[in-house]
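A.B. asks: my questions concern the predicted model and sequence given below.
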Amino acid sequence: MTLVSIIALGLFAVWTGWRVFVVDSMVRASFSLMLSFLCTGGIALILHADYLGAATVFMMAVEMMVMAIFMVMFMMNPAGLNPMKMVHQERLSILMGALAFGVFVGAVLRSDLPDAPVAADRPATFDLGTELLGPSMLIFETAGVTLLAAMVAAVVLSSRTGRYGEADAGARPPGLTEGGDPAGRQPEEGGHHHHHH
């Protein structure tokens, strides 16, 4: 069952990673990449690499969500969902990807697996966390709070309604083509009256 789970997660990780370069929007690419990383983290958890698996899941999920939210906020392409080409220099990209894959597979096959098992009573996860984050724990905690604040601010800034009415009253979204019809949600004619308290 363990082997079947690893193979299934590995295949899904490869498929979703491939989808990053096939989908036609930045937001869809972000979520495809997030699914690929989540599968990779799941494989690490199955192999009892608890710290690496959990870190991959939490860090990649938050990072991809932040990236998707900021794309929805700031891209001229409405919500980052309109069709756009995701791949540039296709032949070079394919060549470099195949080369990198071959190098990594060769390194894995030629490497000697460790033969010194860790004692069952040793806190391996704690030791690894201390080695990686010991002197920098405050920095990582601060970065986490900053990212959370950025996500909340992104949601607030992208909200349509404001204290004094609709945020897009009188706004005109950019057109998909030069001089073309506006893309995205159309503002209502005449706008809205401001409400004072």
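C.D. replies: Ah, there it is.
A.B. asks: and what about Ile43, helix, strand or coil?
C.D. replies: Under DSSP: H, G, I helix; E, B strand; the rest coil, Ile43 falls in the helix class.
A.B. asks: show me what contacts it?
C.D. replies: The contact partners of Ile43, taken as C-beta atoms under 8 Å, 6 or more residues apart in numbering, are Ile6, Leu9, Gly10, Ala13, Gly53. In this view, the C-beta of every residue, glycine as well, is placed from N, C-alpha and C.
A.B. asks: which pair in the residues you listed spans the largest distance?
C.D. replies: Gly10 and Gly53 (13.9 Å; C-beta to C-beta).
A.B. asks: out of the two, which sits in the more crowded spot?
C.D. replies: Between Gly10 and Gly53, Gly53 has the larger neighbour count (other C-beta atoms under 10 Å), namely 19 against 14.
A.B. asks: what about that one, distance to Ala44?
C.D. replies: 3 Å (C-beta to C-beta, to the nearest Å).
A.B. asks: low-scoring pLDDT stretches of the chain, where are they?
C.D. replies: For the chain, the stretches with pLDDT under 70 are 75-86, 158-176, 182-197.
A.B. asks: hang on, the earlier thing: just give me the closest of the contacts of Ile43 to Ser93.
C.D. replies: Nearest to Ser93 among these, with distances taken as C-beta to C-beta, is Ala13, at 18.9 Å.
A.B. asks: you'd agree the closest one is in a helix?
C.D. replies: Yes - Ala13: assigned to a helix according to three-state DSSP.
A.B. asks: which helix is the longest one in this structure?
C.D. replies: In the chain, with assignment by DSSP state H, the single longest helix is helix 50-74.
A.B. asks: if I look at the most centrally placed residue in the chain, how far off is Ile46?
C.D. replies: The centroid of the chain falls nearest to Met64 when counting by C-alpha atoms, centre = their mean (1.7 Å). Per C-beta to C-beta, Met64 is found 21 Å from Ile46.
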